[in-house]
Structures are given as C-alpha cells and as structure tokens.
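**Q** give me a 3D structure for the following:
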Amino acid sequence: MTVGQLYRQVRDLFRDAQIELPELDAKLLVSAALGISISDLMLRGDDPVSETKSATAKTHAEKRLAGMPVGRILGEREFYGRRFVMNPATLEPRSDTEALIDAVLALSVPTQEQLFCDLGTGTGAIAVTLLAEMKRSRMVAVDLSFEALSCASENADLHEVSDRFLPLCADYASALAGAKSGVFDWVVSNPPYIRTHDLGMLSPEVIQHDPVLALDGGVTGLDSYVRIIAQAEMLLKSGGRIALEIGFDQAGAVEKQLRHHSFGAIEIVKDLSGNDRVLLACRQ
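**A** Below is the predicted model:
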C-alpha cells in the first residue's frame, strides 16, 4: 500500500461515516501514524507504507470512527499556532478560546512586565500562550488537579516559558488567600460554564472524553464565575484586569457579578462565529 492509497482509504471511511471534517481528520491521523508532515503526505503519495505504520493509521481511524476526537487520539492539539499536549485531566483546547488571547494582547504591551494568574489552567494553553507572546510577563497557573498541572508544566517546558511559569495546585485562588492582596495585573480563566442539566446535550466527543470537572458549571452554569470574580477583586491591583471565557448566553449574568464586585470598563468580545465569548473588566 502507498501513502496516497492509505490516506484515501481512511478519508473514504470517514466520509461514509459522515465525520464532520473527513479530509482534515484523515490527513492529521495518517500523517501522525507515518511520522511525516501533512504537506509530505500529499507530496509522497507514491511512497510505500510499512505494515506497522499502516496498522497504526488504521487503529487511529477506528478510534475516530468510535467517536474519539483527533486531539485525544494523538494526545495533542494545536492552539494559537502552537502544539499543546493533553492528558485525561485536561480539557481539549479549542479555537474559541483564542478570542481570550486576542483580547488580552489587544490591551497589553508585549514588552511590558506583567503578572498574570490563570485560574483553572488545564493544559496551560492560555497561560503558556500569553507567556510566549509576552516575553517579560510572569504567570501563576492554578489548577485543582495535579495531573492537569503536570500537563501544563510540560507545555511550559515545550514552549520554553517554564522560567516564568509557576504551577500551583489549589481550588482556584484558595492557596493565595494569605498572600498580599492586589499584586496581579491580570486574572484570566476559562472556567467550567455548562449548566449541569445541559451536559447530556453535549456531543459524545465532548462528554465522553473531556473531564466533567472542566465542563460542569453547576445548575446555572455560573458557580465558577461567582467564586473567581470575588477572588479576582482581592488578587488584582487597582486598574488590573480580568478576562473570562463565557458561554454564548452568559454575558448578562456574568456582567452582573462583575458590577457587584466593583469592576468597571466591562467589554464583551465575540468569537469568530459571532457569539459572545469573552468578558473583560477592570478593577476600580
């Protein structure tokens, strides 16, 4: 079997199964199994494939057909142009979250030294990306899961920002309660925000493979926001900012929480699909 034949075989399986992006998924999985780039996959279509690598590609395809996302199969996902490894304790980074990165960078000077706190860091996609884009900033990355923090630390090493990356295992900012208040320039977070009764409506790819802890926002979907915003009021300097990823219909409720804790200059940022995705606010 050749590279081209293997790719077309997997692609056609995905088409028949009505996978949403059959060509892209086939390219990603086959190129990974062969240990080559996607561009090489197209250029080396006539090259022979060993039985071992062909079997690996077919195993990848079987997992995808069973509903496992490509990122979970490969153990990594691209975010903001960078590769991030994942593990079972972390949410898969999604392109919607890139709107938060853009929003923070739009209000920042890349050469400025700033202190960030990322609450619920997961893979560290937000934290590591901000450090990679802002070469003088530092980050305290907090997560309740040691396994998630290990993954975030691995990604910090991968992108050479570990010298400015401090992982902290805690329930949001609880471990910082005794620290001096008002030290951070930014608090950022992509917290769980799915309403508990809506979890069953999520696609099998999400609910079967992303950790429920990173999805379930409680009955109203607002549990994490209530805690994070109250903690951010104490963590941030006067004039410090908060950036929160939100569900498409949560802007009003989260904005109410921000105003209750004396945040101002509130701004709603939309994602590429036109949905409300990020709330920005400034501590007065």
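**Q** show me which residues of whichever strand or helix holds S54 are buried.
**A** Assigned by DSSP states H and E, S54 belongs to helix 51-65. Buried positions in helix 51-65, judged by neighbour count with 16 or more other C-beta atoms under 10 Å: K53, S54, T56, A57, K58, H60, A61, K63, R64. Where C-beta positions appear, they are placed from N, C-alpha and C, glycine not excepted.
**Q** could you list the residues in contact with that helix?
**A** With contact meaning C-beta atoms under 8 Å, 6 or more residues apart in numbering, helix 51-65 is reached by 1, 6, 10, 13-14, 17, 19, 25-26, 29-30, 32-35, 49, 70, 73-74.
**Q** so which of the residues you listed sit within strands?
**A** Under the assignment DSSP state E, the contacts of helix 51-65 contribute nothing to strands.
**Q** out of these, which are buried?
**A** For these, buried by 16+ other C-beta under 10 Å: 6, 10, 13-14, 19, 25-26, 29-30, 32-34, 49, 70, 73-74.
**Q** between those residues, which sits nearest S203?
**A** I19 (12.3 Å; C-beta to C-beta).
**Q** list the contacts for the residue nearest to the closest one when sequence neighbours are not counted?
**A** Residue nearest to I19 in three dimensions, not counting chain neighbours: D25, with 5.8 Å by C-beta to C-beta, 6 or more residues apart in numbering. The neighbours of D25, taking C-beta under 8 Å, 6+ apart as the test, are F14, I19, R64, V70.
**Q** any weak-confidence spans in the stretch 101-250 of the chain?
**A** Applying pLDDT under 70 to the stretch 101-250 of the chain flags the ranges 177-181.
**Q** which stretches of it form helices?
**A** 125-133, 146-158, 204-207, 223-235 (DSSP state H, counting those that start in this stretch).
**Q** show me which positions of the second one end up buried.
**A** Within helix 146-158, the residues scored as buried using 16+ other C-beta under 10 Å are A148, L149, S150, C151, A152, S153, E154, N155, A156, L158.
**Q** what residues does the closest residue to the fifth one other than its chain neighbours make contact with?
**A** Once its chain neighbours are removed from consideration, A152 has its nearest residue in G124; the separation is 3.0 Å (C-beta to C-beta, 6+ apart). By C-beta under 8 Å, 6+ apart, G124 lies in contact with F84, D118, A141, C151, A152, S153, N155, A156, F165.
**Q** quick one, phi/psi of G124?
**A** phi 80, psi 10 (degrees, to the nearest 10).
**Q** quick check: it vs A99, distance?
**A** Noted for G124: a distance of 18 Å to A99, by C-beta to C-beta, to the nearest Å.
**Q** check A152 too.
**A** 20 Å.
**Q** now do R8
**A** R8 is 36 Å from A99, where distance means C-beta to C-beta.
**Q** what's near enough to touch C151?
**A** Contacts of C151 by C-beta under 8 Å, 6+ apart are V85, M86, N87, A89, T90, G122, T123, G124.
**Q** how about D47?
**A** Shown in contact with D47 (C-beta under 8 Å, 6+ apart): T2, V3.
**Q** if I look at it, how far off is K53?
**A** 11 Å.
**Q** same deal with R8?
**A** Distance from R8 to K53, by C-beta to C-beta: 16 Å.
**Q** among the contacts of C151, who's most crowded?
**A** G124 (32 neighbours; other C-beta atoms under 10 Å).
**Q** need the contact list for the residue nearest to A175 when sequence neighbours are not counted.
**A** Of all residues not flanking A175 in the chain, L168 sits nearest, at 5.7 Å (C-beta to C-beta, 6+ apart). L168 makes contact with V140, A141, V142, D143, L149, A175, L176 under the criterion C-beta under 8 Å, 6+ apart.
**Q** surely Q114 and W186 touch.
**A** Yes. Contact status for Q114 versus W186: in contact at 6.2 Å, counting by C-beta atoms under 8 Å.
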